[in-house]
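*Asks:* show me the folded form of this:
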Amino acid sequence: MSVLFFFPWVASRGVLQLGELNLIPYERGQAPRTLHGVSQEIIDIVLGNYGDVAYPSFPNVFTSIRQATLLTWAGDTEGLELPESQISERLEQSRYIAFSALAQRRFCSHGDYCNSDGYEVIAQSFAAERPGSISITTRRRDGFTRTYISRTSSPRFLRPEHVDSRLHIEIDEALARALLDLPLGNLKSQIDEAIAAFLRANTDSSTMFPHAELVLMRSAFETLLGASHLAKDLRRKFSKHFTGELPNPPIWGDGIYTEECWQERWPKSTRPLDAWVRDLCDARNTAAHGVRANSQPSIWQCQNHLLFSSWLFPLIVKKILADADLYSLSDEDVAARKGCEAFLAHDLLSRINEDSDERWWNRVDSEISNSLLTNTLLSLLGSEGK
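*Replies:* Below is the predicted model of the structure:
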């Protein structure tokens with residue numbers, strides 16, 4: 001069976017090699033010419049099933065994608081023949097690329113943003129003699145089913161509207177390499193399962209409701225940190241994970257969510273991050289089970305929890321990989337982890353003031369970056385003084 005792996009909605013500016021995995025630019029009719037004996041014509045036909053709306057004023061007119069990113073592995077055979085048993089393993093590695101892209105995205109900015117649907121990976125089996133005819137495997141409650149689709153004159157699968165049409169491969173390469181180097185075992189299984197939940201919670205699709213994303217995000221944290229379903233266990237795991245990194249004594253911040261505010265809702269919380277974990281668990285339980293009678297609401301709204309969780313999760317993955325000697329935390333990683341509690345004093349997506357478009361997320365993010373710059377300058381000055 002011949003199988004072509006590709007990101008249909010992401011273009012590449014050049015070849016990127018990550019160990020045995022290669023990301024290769026695709027351009028319709030131009031590149032890569034041939035790929036392990038598979039011609040440009042065949043690749044064009046296979047990817048011709050994926051497309052965009054051709055003209056905004058004619059929403060029913062579609063055109064095949066012009067650019068995409070192909071994936072190959074060292075040792076690929078002529079004709080890209082691959083046993084079915086290896087497809088799942090390669091899809092898993094491809095998801096590392098998606099996660100590494102989401103780990104470096106910027107929030108509340110005009111650029112440098114992506115979602116997991118933008119990094120959807122396709123493993124398309126095909127026959128060289130009829131590459132436009134494909135078989136689609138979909139799940140059922142009682143197993144799965146396959147649908148055969150013959151070649152048509154227009155694309156069958158369109159770029160989702162919430163995926164940026166200008167998306168290019170931009171990933172945290174060091175993180176991707178570390179994930180690809182994970183040896184088989186419990187740690188790899190734990191990280192793989194957690195990343196799968198994280199990606200499902202970061203699609204931006206209108207079909208994925210925020211309350212479902214919140215359930216998935218807590219599940220991702222529990223799986224990643226090896227915690228049970230009990231909130232107190234997740235709190236312990238967070239505390240252990242950040243041991244020695246956060247300010248001591250804790251700094252609660254001077255935003256609208258003060259220490260008094262957090263402690264009133266979550267008495268005896270040891271620090272802001274501890275109070276946030278309790279609030280996250282409460283918000284998740286409400287999302288999963290509904291509002292309980294006479295219960296108090298969570299401090300943060302769902303959107304704040306999802307934003308902060310999506311930013312914090314990759315930083316925890318990085319530290320776990322660093323502890324396994326697979327990754328080295330950058331200065332930016334260290335500063336972000338140390339300063340993470342500063343976000344918890346604010347309504348993250350609210351404006352700084354009525355006359356500004358700046359959000360509290362941007363303000364805190366900038367303060368963390370500025371603290372890193374200040375520490376770097378002080379370190380340089382100290383070295384010169386010696």
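*Asks:* dihedrals phi and psi, Asn304?
*Replies:* Reported as degrees, to the nearest 10, the phi and psi values for Asn304 are phi -60, psi -40.
*Asks:* distance of the closest residue to Trp360 other than its chain neighbours from Asp274?
*Replies:* Counting by CB to CB, 6 or more residues apart in numbering, the nearest residue to Trp360 once its immediate chain neighbours are dropped is His346, at 3.8 Å. C-beta here means a position set from N, CA and C on the backbone, and glycine is covered the same way. Relative to Asp274, His346 is positioned 18 Å away (criterion: CB to CB, to the nearest Å).
*Asks:* list the contacts of the residue nearest to Trp360.
*Replies:* Counting by CB atoms under 8 Å, 6 or more residues apart in numbering, His346 makes contact with 253, 255-257, 360-361, 363-364.
*Asks:* and of the residues you listed, the nearest to Asp204?
*Replies:* Within the contacts of His346, distances to Asp204 taken as CB to CB reach their minimum at Trp361, with 16.6 Å.
*Asks:* these two touch, right, Gln40 and Tyr26?
*Replies:* No. No contact is recorded between Gln40 and Tyr26 when judged using CB atoms under 8 Å, the distance being 9.4 Å.
*Asks:* give me the common contacts of those two.
*Replies:* The overlap between the contact sets of Gln40 and Tyr26 (CB under 8 Å, 6+ apart) consists of Pro32.
*Asks:* these two: which is more packed in?
*Replies:* Set side by side, Gln40 and Tyr26 show unequal neighbour counts under other CB atoms under 10 Å, the larger going to Tyr26 at 25 against 17.
*Asks:* that one is in contact with Leu70, isn't it?
*Replies:* Yes. The criterion here is CB under 8 Å, and Tyr26 meets it with Leu70 at 5.1 Å.
*Asks:* what's the overlap in contacts for those two?
*Replies:* Taking CB under 8 Å, 6+ apart as the contact criterion, the residues that touch both Tyr26 and Leu70 are 6, 32, 43.
*Asks:* for the last one, what are its contacts?
*Replies:* In this case it means Ile43. Shown here is Ile43, whose contacts under the criterion CB under 8 Å, 6+ apart are 4, 26, 32, 35, 70.
*Asks:* out of those, which are inside helices?
*Replies:* Filtering these for membership in helices, criterion DSSP state H, returns an empty set.
*Asks:* what's the most distant pair in these?
*Replies:* Comparing the members of the contacts of Ile43, the greatest separation, given CB to CB, is between Leu4 and Pro32, at 11.4 Å.
*Asks:* out of these two, which sits in the busier spot?
*Replies:* For Leu4 versus Pro32, neighbours defined as other CB under 10 Å are more numerous around Leu4 (23 against 16).
*Asks:* please name the nearest non-neighbouring residue to the more buried one.
*Replies:* Using CB to CB, 6+ apart and skipping residues adjacent in sequence, the residue nearest Leu4 is Gln124, 5.0 Å away.
*Asks:* same check on Gln30?
*Replies:* Take Gln30 and drop its neighbours on the chain: the residue closest to it by CB to CB, 6+ apart is Gln40, 7.6 Å away.
*Asks:* can you check the pLDDT for that neighbour?
*Replies:* For Gln40, the model assigns a pLDDT of 97.
*Asks:* ditto for Gln263
*Replies:* On pLDDT, Gln263 comes in at 97.
*Asks:* counting neighbours, what do you get for it?
*Replies:* Applying other CB under 10 Å, we find 13 residues neighbouring Gln263.
*Asks:* isn't it right up against Thr270?
*Replies:* No. The pair Gln263 and Thr270 does not pass the contact test of CB under 8 Å, sitting 10.5 Å apart.
*Asks:* strands of this structure, start to end?
*Replies:* With DSSP state E as the criterion, the chain has strands at 2-7, 16-18, 21-27, 34-35, 38-39, 50-55, 58-64, 67-73, 122-126, 134-140, 143-149, 157-158.
*Asks:* ok, which of the ones you listed comes nearest Lys237?
*Replies:* Among the strands of the chain, strand 16-18 sits nearest to Lys237 (CB to CB), with 30.0 Å.
*Asks:* what pairs with that closest one, and is each one parallel or antiparallel?
*Replies:* Strands flanking strand 16-18 in the sheet, each with its direction: strand 21-27 (antiparallel) (DSSP bridges).
*Asks:* name the residues that touch the strand it pairs with?
*Replies:* Under the contact criterion CB under 8 Å, 6+ apart, strand 21-27 has outside partners 6, 11-17, 31-32, 35, 43, 47, 66-74, 93, 97, 169, 180.
*Asks:* buried subset of the residues you listed?
*Replies:* Burial of the contacts of strand 21-27 was assessed by neighbour count (16 or more other CB atoms under 10 Å); the buried members are 6, 11-12, 16, 32, 35, 43, 47, 67-73, 93, 97, 169, 180.
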